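Q: Provided below are the primary sequence and the corresponding predicted coordinates.
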Amino acid sequence: MNHQRTGPFEEGEWIRLSDPKGRKHNIQLVAGKEFSTKKGQIRHDDIIGRPEGIVVETSLEFPYQVFRPLLFEYVVSMPRGAAIIYPKDAAQILVQADIFPGARVIEAGAGSGSLTSYLLRAIGPEGRLESHELREEFAETARKNVAQAIGAIPDNWDLTVGDLRDAADGPEVDRIILDMVDPWTCIDLALERLVPGGIVCGYVATTTQLSRFVESLRASAGFTEPHAWETLVRDWHLEGLAVRPNHKMNGHTAFLVTARRLAPGQRPMPKTRRPAPGAYGPDYTGPRPADVD
């Protein structure tokens, strides 16, 4: 992919080939080269200079549709070090965390660069993204994937190999996205670096992580009441009168949590309803909100 979104295909661009069975291939156009499939060869020169949406045939007359890959199509097929944040969750993060053009955003960790690519597009050239990744091999994968997705490494992206918790003294930011095993360990940093009204967003895989992060946000007394949810996606089968849900669906991938930074010295609004009986009973050993005995 690159910044050119319309017009004839150019040499050096990445394109996506799709066959009648839905099998897909991402290739980079190089003049004079051929792409080999089980159904014959496709000449790159038969694609360069032509518009999107064409159908080309292999040397054995097998058809392929040709389009530029959309960002969500690219990220699910990109080379991976760490697991990616899937499009259904990335979309929720961009909307629920209100990622806007010009935003200053922290991301931990970068993983394979899928969410990084979405964030860079959302903040635009006037924004700034600060990504932290603990593992060098994952950071290198993220660099390569972002360069392919966007066309180059953008000037407004800082990728640091290291622990976000070592960056508590950095400049103020508008949003913090925590894709990590223990996001509750970054709450003090979020209190330091988020502007009043800023948003912290956690991405966690298990219910135990979800509970600890939410209760730690409450116990910090520096954020609004956390909002937690997950998103399920189910496609539909459509053929004439045969209209039904698909047998497969994109179920649980992760839980998402958002909360907003209160102004310094302000306290969260008191709850109007008492916790459920036993919610913070003797068997509960995690963080406790200040108003819970």
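A: Received, thanks.
Q: low-scoring pLDDT stretches of this protein, where are they?
A: Along the chain, the model assigns pLDDT under 70 to residues 1-4, 293.
Q: does the residue of it positioned farthest from its centre sit in a helix, a strand or a coil?
A: Largest separation from the mean C-alpha position in the chain: residue 60, at 39.4 Å (CA atoms, centre = their mean). The three-state label given to residue 60 by DSSP: H, G, I helix; E, B strand; the rest coil is coil.
Q: Who are the contact partners of the nearest residue to it once chain neighbours are set aside?
A: Among residues not flanking residue 60 along the chain, residue 40 sits closest, at 3.4 Å (CB to CB, 6 or more residues apart in numbering). Every C-beta, even on glycine, is put in place using the N, C-alpha and C of the backbone. Residues in contact with residue 40 (CB atoms under 8 Å, 6 or more residues apart in numbering) are 58-62.
Q: Just the buried ones from these, in ChimeraX syntax?
A: Command for ChimeraX that selects the buried part of the contacts of residue 40, burial taken from 16 or more other CB atoms under 10 Å:
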select :58
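Q: Identify the farthest-apart pair in the contacts of residue 40.
A: Across those, no pair lies farther apart than 59 and 62, at 8.7 Å, counting by CB to CB.
Q: end-to-end on stretch 53-60?
A: The first residue of stretch 53-60 is 20 Å away from its last residue (CA to CA, to the nearest Å).
Q: next one: that stretch to chain centre, how far?
A: The chain centroid and the centroid of stretch 53-60 are separated by 33 Å, computed with CA atoms, centre = their mean, to the nearest Å.
Q: my guess is residue 89 contacts residue 256, does it?
A: Yes: contact criterion CB atoms under 8 Å: residue 89 and residue 256 qualify, at 6.6 Å.
Q: intersection of neighbour lists for those two?
A: Shared contacts of residue 89 and residue 256, defined by CB under 8 Å, 6+ apart, are found at 203, 231.
Q: Could you check how many residues crowd around the residue nearest to residue 270 when sequence neighbours are not counted?
A: Excluding the flanking residues, the one nearest residue 270 by CB to CB, 6+ apart is residue 291, at 6.2 Å. Neighbourhood size, residue 291 [other CB atoms under 10 Å]: 13.
Q: Contacts for stretch 178-194, please.
A: With contact meaning CB under 8 Å, 6+ apart, stretch 178-194 is reached by 85, 106-109, 111, 115, 164-165, 167-176, 200-204, 209, 212-213, 216-217, 220, 222-223, 261, 287.
Q: Now do the buried residues in it.
A: 178-180, 183-184, 186-187, 189-191, 193-194.
Q: residues in contact with residue 120?
A: 129, 146, 150, 154, 156-157.
Q: Can I take it that it is in a strand?
A: No: secondary structure of residue 120 (three-state DSSP): helix, not part of a strand.
Q: Distance-wise, check it relative to residue 159.
A: Applying CB to CB, to the nearest Å, the value for residue 120 to residue 159 is 11 Å.
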